[in-house]
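Visitor: Predicted model and sequence follow; I will ask about them next.
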Amino acid sequence: MIRRTSPANILFAGFFIFLTCLVGYVYYTYETTRTAIISDIDERLLHAAKSAQLLIGEQYHDDLAAIQPEQYQRLSKQLSLLADTLNVEYVYSMLYEQPFVLFTSSSYTKEDVQANMLTRFLDPYPEATVTNKSAFRSTEPVFEISEDQWGRFKTILVPYISNTGKTYLVGADITMDSVQAQLNASVTRAILSGSFFFLIAVLVASFYFILYRKSLTTDPRTGFGNRIALEHDIKQHKSEHLSLAIVEIHELENIVSFYGANVGDQVMNKVMGYFATQSNSVYVYRLATSKLVLFCDSERGEHFLSNLVQQFPASSPVLNRPHLYVQLNAGIAEGNKSLLLENAYVACRQAVQQKELVCIYSIDKHEAKQLQHARLAMAKTLNDAFSQNRVVVYFTPRCAPNHDNICQYLCNARVLDEQGGIITDNAFSEVVKQSRMEGQLTRHIFSQCITRFRKSRTAWSIGLSYQDASDPQLIDFITQELRRYPQPSLITFELDEQDILDNFNAMAVAINILKSKGVKILVNSVSSGLLTVSRVMKLSIDAIKLDDAISTHLESDEQVLSFIEHLACLCKDREMHLIVGNVETEIQYELLSAAGVTYLQGSYIGKATPHIKCPEEHATYQASA
């Protein structure tokens with residue numbers, strides 16, 4: 001429902017915004033004008049002082065006792081002409097003989113002649129300020145604003161040293177009386193121009209309100225209907241039994257934050273355009289930044305929408321420049337239109353949490369409760385496993401292309417249930433994350449690996465989540481364990497790319513802390529574009545590992561192979577290793593070997609096992625810092 005706002009409130013808000021903007025504009029104009037005026041004055045003063053020094057000459061202050069009155073008067077006349085020409089008030093030179101500052105030359109004005117206020121040779125300057133006196137010890141020009149018997153001036157004092165070693169100042173003054181008048185004039189102009197802009201704003205606002213009614217129901221970035229249009233169409237639809245799907249583009253917010261809103265809109269436009277062309281009975285709306293809606297009134301519409309979402313070509317890039325893939329999560333609901341949107345939201349949230357492509361509300365409601373019970377049971381099993389030491393480590397081998405020896409082992413956890421069955425990490429990883437058990441699990445794995453490999457030269461790696469890397473107690477535990485490990489350079493900590501992108505500054509600090517312990521850092525699950533990868537590669541890391549899903553597209557998509565080849569070249573230039581997992585076939589192995597990948601992992605290389613041998617002749621993982 002649209003909340004209605006009275007015209008009086010709109011008028012008041014507009015008037016308040018106008019006054020705020022006008023005050024800001026006037027202030028900005030004042031400060032800009034003031035800065036420009038002061039800058040111009042400073043340049044004129046510096047030019048005047050340097051020109052005065054040329055008239056005075058380098059030898060003038062060598063022997064002041066030899067200066068004759070005629071010479072002083074002639075110099076004063078020349079300096080006065082210079083001041084008039086350069087549009088400054090005074091130019092002069094000074095000498096400091098404690099406790100007095102003395103004039104050694106000075107220009108004069110017509111008013112000075114009429115008032116008999118001419119400065120004479122070696123007249124003391126009793127109004128000399130602390131800044132004036134300190135200028136004799138400066139090596140740079142000194143500016144000040146001061147007031148004396150001749151008026152209020154902006155002054156520059158430029159220090160020079162005579163041939164006999166005496167320090168003297170050449171100064172120039174400009175009156176400040178006209179500055180405030182110029183500033184007041186600029187404020188007046190700003191107010192007048194602001195009022196003019198206000199009149200224009202009224203005309204533009206009138207025109208805007210005319211167009212507003214037309215654009216109210218359209219998303220301006222894609223041209224599709226927005227949420228207002230969706231709610232209106234649902235409310236006005238004759239049928240009470242409708243079907244609706246909320247589709248979330250999983251990576252879109254990350255794309256927008258990295259590439260900008262323009263690229264994000266292109267992605268959204270491509271996806272919405274795809275669905276709009278699939279059927280004339282489906283209406284497409286943009287619901288939010290990363291969400292769109294598919295709406296239809298067909299019979300068994302929920303199954304029709306489900307098939308439509310499942311047919312989306314997720315294995316093909318949605319954009320080629322930049323090269324981007326997207327994954328969808330969809331929640332579908334049908335039934336009474338008053339609850340349609342709310343139920344679809346619930347189903348979409350379940351799809352995202354369960355990492356499923358489609359969840360249908362009417363079906364998944366009971367399954368969600370069962371899933372909750374299963375998660376509670378898994379949490380209890382994990383707690384028992386931690387307390388009863390039923391956590392074991394499985395080792396997945398990695399090797400270099402065309403190399404028989406194992407170069408490194410990836411260490412992952414498995415949990416033994418009460419009957420001795422093996423529970424894989426995929427089955428309990430989400431429960432571990434939601435229950436904040438990551439630190440406990442990491443302690444068990446790390447301690448076992450330290451004990452297992454301490455007396456060997458075997459390289460191994462272990463994953464660290466953001467929660468692990470930001471836990472001071474866990475970092476202290478790791479530090480203590482590393483102190484009894486003879487070769488920490490054989491240990492690699494694997495950090496997830498998404499954790500780094502979501503918490504970039506904190507993870508950068510954590511990486512530096514871990515690197516200081518002598519270990520190596522690998523960024524895991526890399527699946528973003530080259531720009532994102534380049535940002536990650538600026539960190540102090542030793543290797544990156546591509547997301548396992550990339551390998552599945554290797555044989556069918558040449559652009560994926562080109563991406564890997566280009567990334568391999570980047571890694572080689574930066575002395576980093578590139579690792580690819582999920583290698584299951586010989587064809588994948590050969591393609592990746594030719595692409596320049598450093599290490600390979602997958603069922604073709606070897607499956608995870610709880611028992612390995614650690615002979616001293618094993619090749620070790622020597623990742624470059």
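Guide: Done, it's in. This is a predicted model, so every value here is computed, not measured.
Visitor: element containing the nearest residue to Leu86 once chain neighbours are set aside, please.
Guide: Sequence neighbours aside, Ala48 is the residue nearest to Leu86 in space, at 4.7 Å (criterion: Cβ to Cβ, 6 or more residues apart in numbering). C-beta coordinates here come from the backbone N, C-alpha and C atoms, glycine included. Following DSSP states H and E, one finds Ala48 within helix 7-56.
Visitor: Going by contacts, tell me the helices and strands next to that helix.
Guide: On a contact count with 3 or more Cβ pairs under 8 Å, 6 or more residues apart in numbering; DSSP states H and E, helix 7-56 meets helix 69-86, strand 90-97, strand 151-161, strand 167-175, helix 177-215.
Visitor: and the last one, average pLDDT?
Guide: Helix 177-215 shows an average pLDDT of 69 in the prediction.
Visitor: With the first one instead?
Guide: In this model, helix 69-86 carries a mean pLDDT of 92.
Visitor: For that helix, name the packing helices and strands.
Guide: helix 7-56, strand 90-97, strand 100-106.
Visitor: just so I know, which of those lies nearest Leu230?
Guide: Among these, the nearest to Leu230 by Cβ to Cβ is helix 7-56 (25.2 Å).
Visitor: pLDDT weak spots in the stretch 351-500 of the chain?
Guide: 362-370, 372 (pLDDT under 70).
Visitor: Now the phi/psi pair for Asn87, please.
Guide: phi 60, psi 50 (degrees, to the nearest 10).
Visitor: need the helices and strands packed on helix 7-56 in TSV with distance to His303 and mean neighbour count, can you?
Guide: TSV is the format used below for the helices and strands packed on helix 7-56 (distance: least, Cβ to Cβ, whole Å; neighbours: other Cβ atoms under 10 Å):
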stretch	distance to His303	mean neighbour count
helix 69-86	88	16
strand 90-97	92	21
strand 151-161	82	19
strand 167-175	84	23
helix 177-215	35	12
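Visitor: Looking at the ones you listed, which is nearest to Gly14?
Guide: So among the helices and strands packed on helix 7-56, helix 177-215 is nearest, using Cβ to Cβ, at 7.1 Å.
Visitor: Following element in sequence after that closest one, please.
Guide: Downstream of helix 177-215, the first helix or strand assigned by DSSP H and E is helix 227-236.
Visitor: in that next one, what's buried?
Guide: Of the residues in helix 227-236, Arg227, Ala229, Leu230, Glu231, Asp233, Ile234 count as buried by neighbour count, 16 or more other Cβ atoms under 10 Å.
Visitor: Likewise for stretch 425-434?
Guide: Phe428, Ser429, Val431, Val432.
Visitor: Other residues contacting it?
Guide: Outside of stretch 425-434, the residues within contact range by Cβ atoms under 8 Å, 6 or more residues apart in numbering are 375, 378-379, 381-382, 412-415, 437-438, 441, 465, 467.
Visitor: Which ones among those residues lie within strands?
Guide: In strands, defined here by DSSP state E, the members of these are Asn412, Ala413, Arg414, Val415.
Visitor: Could you identify the most distant pair in those residues?
Guide: Spatial extent of the ones in strands among the contacts of stretch 425-434 (Cβ to Cβ) is set by the pair Asn412 and Val415 at 11.0 Å.
Visitor: Great, nothing more from me.
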